[in-house]
Structures are given as structure tokens and as C-alpha cells.
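Novice: Coordinates only, no sequence provided:
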């Protein structure tokens, strides 16, 4: 957590879980009952409500002490049903990253250079696995899955922008690595097939399709989707639109 450029170390998994749960919906109250579920799940101790209050009080003290500002305590407000973190959504890395990816998706065809600039900044700010050490509660697990998916969508947009600018050879190594890491991700396969075909490697593009086809059958028992099948048809028929 960072307050006005000052890194703040949040000790303890439960304190980090509270911080994460509040930060994911800044300015909006999080019910105490939801925080209890996030911290303890089905193993709710008898003293859970008192423990939650103690954790929040400790978190406020940490904010005040590490920032050197007693007013930092007020960043976490108590409401009639829970707690709210009083920060701007743009100051929460996870929400800012999601906004950047969404903004990139709106202009990938019209302004690929802007997309590359936006996403380069966003990826540079990504400091490791999402919500690292924030516990295993449902809120954090769901947020983690969404952020990881958003990151993958960002990579797809980043590569699409490079392909739009004719940089197909440049993106082949990254796409090969991404497809190795995510062997069932059909969009990466489509993009790699396009990049290979444009580089004069039609046979490699077809081989890439066959590999993902086998993976989908073995892991999920399904055939490639319509987008990937259409890409194979374009490669086999050497359609001109693959070059633009």
C-alpha cells in the first residue's frame, strides 16, 4: 500500500486482507459481515466481531504511524454496517490497471501507438502476482482471477496493436512464450498464426493451430472456437486480409 508516495508495510495476512477488500471498492462501504467471511470463512470464532474491530483499529494506527500523519487514520471510516476506505478509485492500482486496459480496448484499431503507450505504462506498474499475501478469502480470490484475466486481455491488446503496425516478427517470441504459459488461450494462438503467416511461415502457423487443437481436446474435450477455425481457413486459403 502507498500513501502519497510513501510505501506502507501492512503486517499480517488478515490486515492485508482487510486492506485489499476495502481498496477494491473505495468510497463504498464494505459490510462487516463480508469482512468476517473474508477473514475466517466458515471457521468464524466467537470473538470474530471484536477481533475485526481490533484489526481495523490496528490498521488505522499503522497508517498514522507509517505516514507520520495522524489524519491518515481517517482513511478508514466506520459506517453503520461496516467500513469504507476514503481514497480515489484512481489511486488503487488494481482499478487503475483495469481502467487502462479498458481505455486501450476502445482505441486499438484507431490508435495502436496510444494503446502501446498506455499498456507499456500499465505493465511497468505491475509488481507481481495480484493481491499477493492478501489471504485466501472469496473477495480476494475473485479479484485475483479478474485481474489476471484483465492482464491477459491487456497482453492481447498490446500484441494486436503491434500487429496493426506491421511488427509481426517482433511479437513472435512473446506470443510463443505466452502460448506456452497459456496453451488453451485461443486468442494468443490466432495472433501467433497471423504473425507467423506474415513472416512467411505458413506451415508453422498451421502447426500452431494443430497443437492448440490437441490441447483443447485433451484438456477440455472441445474443438477450437469459431475465431480460431476461421483463422486456420484464412491461413490455408492465404487470404489477403491476413496481411493487414
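Specialist: Perfect, I can see it now. Here the structure is a predicted model, which is why all the values come from computation and not from measurement. Numbers count the residues shown, from 1 in each chain.
Novice: domains of the protein?
Specialist: 2-87, 92-165, 168-244 (automatic domain parsing).
Novice: how about JSON lines for those domains, with mean pLDDT added?
Specialist: Putting the domains of the chain into JSON lines (pLDDT from 0 to 100) gives the following:
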{"stretch": "domain 2-87", "mean pLDDT": "90"}
{"stretch": "domain 92-165", "mean pLDDT": "93"}
{"stretch": "domain 168-244", "mean pLDDT": "97"}
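Novice: May I see those organised as JSON lines, with mean neighbour count added?
Specialist: C-beta coordinates here come from the backbone N, C-alpha and C atoms, glycine included. JSON lines is the format used below for the domains of the chain (neighbours: other Cβ atoms under 10 Å):
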{"stretch": "domain 2-87", "mean neighbour count": "16"}
{"stretch": "domain 92-165", "mean neighbour count": "17"}
{"stretch": "domain 168-244", "mean neighbour count": "16"}
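Novice: Geometric centre of this protein: which residue is closest?
Specialist: For the chain, the residue whose C-alpha lies nearest the mean C-alpha position (Cα atoms, centre = their mean) is residue 147; its distance is 2.3 Å.
Novice: Now that residue: closest residue in space, sequence neighbours ignored.
Specialist: If you skip the residues right next to it in sequence, residue 147 has residue 130 as its closest partner in space, 4.0 Å away by Cβ to Cβ, 6 or more residues apart in numbering.
Novice: what's downstream of the longest helix anywhere in the chain, the next helix or strand?
Specialist: Selection of the longest helix in the chain by residue count, based on DSSP state H, yields helix 138-164. Scanning the chain past helix 138-164 towards its C-terminal end, the next helix or strand to appear is helix 168-181 (assignment: DSSP states H and E).
Novice: counting contacts, what elements does that following helix pack onto?
Specialist: Identification of packing neighbours for helix 168-181 by 3 or more Cβ pairs under 8 Å, 6 or more residues apart in numbering; DSSP states H and E yields helix 138-164, helix 186-198.
Novice: and it, how far from the chain's centre?
Specialist: How far helix 168-181 lies from its chain's middle: 19 Å, per Cα atoms, centre = their mean, to the nearest Å.
Novice: The residue nearest to residue 147 against residue 94, yeah?
Specialist: Yes. Between residue 130 and residue 94 a contact is recorded at 6.9 Å, counting by Cβ atoms under 8 Å.
Novice: Quick check: neighbours shared by these two?
Specialist: With Cβ atoms under 8 Å, 6 or more residues apart in numbering applied, the overlap between the contact sets of residue 130 and residue 94 consists of 143, 147.
Novice: how long is stretch 232-244 from one end to the other?
Specialist: From its first residue to its last, stretch 232-244 covers 16 Å (Cα to Cα, to the nearest Å).
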